[in-house]
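In: okay, predicted coordinates and the sequence, questions at the end:
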Amino acid sequence: MQRFIVQRVLWNIPVLILITIVTFGMMQIVPGGPFTASSSGRPVPPEIKANMEAKYGLDKPVWQQYTNYMNRLLLHFDFGPSLRRPGSSVNSMLFGPNYMVEVLREQLRATFGTKASSMTFAEPPGLSDSSVLVVKTNGETVGYIGIGWAERLAAIGRFLTLAPVMVSAQVGLVSILIALLIGVPLGIVSALRQNSWIDYVAMFFSMLGVSIPNFLLGIMLILLFALTWELLPTYGWGNDWKQVLMPAVTLGTAGMAIIARLTRASMLEVIRADYIRTARAKGLKEGVVIVRHALKNALIPVTTVLGPMMAAWLTGSFMVEWVFSIGGIGKFFITAVTDRDYTLIMGTILLYSVALVLFNLIVDIAYGFIDPRIRFD
Amino acid sequence: MAETASERRRREEEEQFAERGVSLWQDAWRRLLRNRMAVVGLIFIGLMVFCFITADFLPPYSYRTADYDNTRIAPRWPDHIFGTDKLGRDVFSRVWWGTRVSLTVGVVGSLTSLIIGITYGSIAGYLGGQVDNLMMRFVDVMYGFPTLLFIILIMVVLPSESAIQGMLNIFIAIGVVGWMGMSRLIRGQFLSLREKEFVLAAQMIGAGPARIISRHLLPNSLGPAIVTLTLGIPGLILTEATLSFIGLGVPPPYPSWGQMVSEGWRGLRATPHLTIYPGLAITMTMLAFNFVGDGLRDALDPTMRGTALVSAARRKKRRKKKMARKAAAKTA
């Protein structure tokens, strides 16, 4: 067992290194670089571009850029500076304070026209728990923000202290739990009542769950639960269960559908096995037969898909984060590529592949506990 | 009219031959037609093909003509049954035209992944050993990539002189990303098939690798490949919709459903129809392809063989019982 784990970890090191090399190479092949256009889209004069590239070491040969990067990463756990956001490092973008603070400041600046970086917010004196906040710049009161803003601050407020990585991991974890807790029982019931109306309904809805794109599901949920019935908030994460519900269901539905279908298929296969007949013949209760004997074996395919699923979900979903204005890292997977922010691309891809390797390893170890027939050699 | 003995014998013989003459594909087709949801899916896809062909002349409006006097109209009969968008373009006509994007991405994307996957998978599966090991490790590495970087890379590497070609490039890029699953499948099929006696026999009579692959191994792996292909189409359509939703997909003014959802979503409260109709189109298309793919798998998968028949027989029995019960109730 220990040998197996050590072997797997060692085997994955060259895979990870290969991923970094291929990513690095691909970034060089893709036309356009981080400095070909300014943030407003205007082309950058060649002299300035050359200076910028020299500053970040992009004028050096590619292999040297790569070794420099790996050096920094392995020796100091430093993902390097972000090329598109001067002044912030990839480490701080992923693991630092949440960028939603900045987004909020941007919106506030657009409203108040003051320097957002020096803004502070305070509750008005003597009025705790009010819906108004005082906005101050250098200790001077510049204005008040009303109910809408205060609400928005409170909605985003709780997880302002959470790093984007943590926010994404939370969203992913809750979604996985929802997918498992609903998907597995649904699969069991439809397998046990094969060709009954429960089976048909469950399988139709799981087909629907696979077929509806998650951004669309999120938008439809917002339309129904937030805009029409006004039960749940349209944005944010982590303040209370109301905020958690829609994003988690949005992300979790596809996985839930896949898990339900897998559980049903493998349950149907397992239930006809000889050892199930034996278990019944020796007089075990039906519940015990199903849960202890059948389910344990039926869950193996589910465990297999769980590895990649967890890796993908815990590292953030762009769609869900975008639709629900959640400050996770899923956003960076898209913006890094479209901005050609090389260091951020490397950071996100490394994060994802390490997660993939890790969760696949955990899945492989879990096999051994679920099914003792699986040996590690 | 009575049948003579010889006639009956001949008829029985014919029936027997007919039974034997059913090929795998005919058999699969018949099974597919017995699957109600798959038939519904097939009909829907047929409707889409009709929309695809007629998209240039049958819809009431052009997908690109704006009408600034009638912007953001709610759905109304009979001129704008799905309403109009912020430029006054008719949503119904745009959804109609959007079938072109979704069907093309399905066909072009799956052909691309099929060609690459078959080539790569058959080389790895036929050669086996160290080569196979190395090639499959490369597939593992490719799985580790977020697909977007890859898609953008391919999109910019392919030449694009016109907007239509740029669109085709997107579809090809989406297909290229899907080759890994196909190559794994083909490789696995080849690995098990090449140990079979008929391959040995072919080798004995002096068939070369090209002939063995094209005449013996590929036709025998075609069933699972087609199932994987059909089940992969919804994924391709989803990828296109997602890319268009982000703004990296089909360029305006060509309407793609994902792009329409993305445009309509910001005004969700006031004009929900801009989101709902294209969204419905995506979901129904994905459902249709999923049902057909599912039905095809059940029809082609030999391990599932017989289950459909058994359940059909059981259903018949159940119906008979019910009728009997009803009849009994009537008499009582």
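Out: Yep, that arrived.
In: where's the residue lying closest to A:Ile345 once chain neighbours are set aside, which helix or strand?
Out: Distances taken as CB to CB, 6 or more residues apart in numbering or on different chains place A:Ala336 nearest to A:Ile345, at 4.5 Å, with adjacent residues excluded. C-beta here means a position set from N, CA and C on the backbone, and glycine is covered the same way. If you go by DSSP states H and E, A:Ala336 is part of helix A:330-339.
In: buried residues, the helix or strand just after that helix. List them.
Out: Next along the chain after helix A:330-339, taking DSSP H and E as the criterion, comes helix A:342-370. Going by neighbour count (16 or more other CB atoms under 10 Å in any protein chain shown), the buried part of helix A:342-370 is A:342-361, A:363-364, A:366-367, A:370.
In: can you name every helix or strand that the helix holding A:Ala336 contacts?
Out: For helix A:330-339, the elements it packs on are helix A:318-323, helix A:342-370, helix B:147-157, judged by 3 or more CB pairs under 8 Å, 6 or more residues apart in numbering or on different chains; DSSP states H and E.
In: mind checking the SS state of the closest residue to A:Leu73 other than its chain neighbours?
Out: If you skip the residues right next to it in sequence, A:Leu73 has A:Phe79 as its closest partner in space, 6.5 Å away by CB to CB, 6+ apart. Following DSSP: H, G, I helix; E, B strand; the rest coil, A:Phe79 is assigned to coil.
In: hmm, A:Val90 and A:Phe79 touching each other?
Out: Yes. With contact defined as CB atoms under 8 Å, A:Phe79 reaches A:Val90; the gap is 3.6 Å.
In: low-confidence ranges, the stretch 101-250 of chain B, go.
Out: Residue ranges of the stretch 101-250 of chain B with pLDDT under 70: B:144, B:146.
In: the helices in the stretch 1-150 of chain B, which residues?
Out: For the stretch 1-150 of chain B, the helices defined by DSSP state H, counting those that start in this stretch cover B:5-21, B:24-34, B:36-54, B:91-127, B:129-143, B:147-157.
In: oh sorry, the question was meant for the stretch 1-150 of chain A
Out: A:2-29, A:46-55, A:62-76, A:90-95, A:100-112, A:147-157.
In: now distance to B:Gln189 and mean pLDDT too, for the ones you listed, in a markdown table please.
Out: Conversion of the helices of the stretch 1-150 of chain A to a markdown table gives the following (distance: least, CB to CB, whole Å; pLDDT from 0 to 100):
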| stretch | distance to B:Gln189 | mean pLDDT |
| --- | --- | --- |
| helix A:2-29 | 25 | 85 |
| helix A:46-55 | 49 | 85 |
| helix A:62-76 | 38 | 89 |
| helix A:90-95 | 41 | 86 |
| helix A:100-112 | 49 | 68 |
| helix A:147-157 | 52 | 56 |
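In: buried deepest among those helices, which one?
Out: Highest mean neighbour count of the helices of the stretch 1-150 of chain A: helix A:90-95, a mean of 20 (counted as mean count of other CB atoms under 10 Å in any protein chain shown).
In: do a quick rundown of the strands in the stretch 101-250 of chain A.
Out: A:119-122, A:133-137, A:140-145 (DSSP state E, counting those that start in this stretch).
In: quick check: mean pLDDT of the first one?
Out: For strand A:119-122, the mean per-residue pLDDT is 64.
In: repeat for the second one
Out: Mean pLDDT, taken over the full extent of strand A:133-137, equals 68.
In: mind telling me which residue of chain B is nearest chain A?
Out: Nearest residue of chain B to chain A, counting by CB to the nearest CB: B:Met286, 3.7 Å away.
In: so what's that residue up against?
Out: A:210-213, B:234, B:237-238 (CB atoms under 8 Å, 6 or more residues apart in numbering or on different chains).
In: swap the cut-off to 6 Å and go again
Out: A:211, B:234, B:237 (CB atoms under 6 Å, 6 or more residues apart in numbering or on different chains).
In: likewise A:Ala355?
Out: Each residue near A:Ala355 by CB under 6 Å, 6+ apart is listed here: A:311, A:315.
In: distance of it relative to chain B?
Out: To chain B, A:Ala355 is 10 Å away according to CB to the nearest CB, to the nearest Å.
In: contact residues of the stretch 101-250 of chain B facing chain A?
Out: Applying CB under 6 Å from any CB of the partner chain, we find that the stretch 101-250 of chain B lies next to chain A at B:141, B:144, B:146, B:148-149, B:152-153, B:156, B:238, B:241, B:245.
In: closest to A:Leu262 among those?
Out: Using CB to CB, B:Leu238 is the member of these that lies nearest A:Leu262, at 18.9 Å.
In: can you tell me the helix or strand for that closest one?
Out: Taking DSSP H and E as the definition, B:Leu238 sits inside helix B:218-246.
In: for the longest helix along chain A, which positions count as buried?
Out: Counting by DSSP state H, the longest helix found in chain A is helix A:241-271. Of the residues in helix A:241-271, A:243-264, A:266-268, A:270-271 count as buried by neighbour count, 16+ other CB under 10 Å.
In: check which element follows it along the chain.
Out: Taking DSSP H and E, what comes next after helix A:241-271 is helix A:274-281.
In: that next one: which residues count as buried?
Out: For helix A:274-281, by 16+ other CB under 10 Å, it's A:276, A:279.
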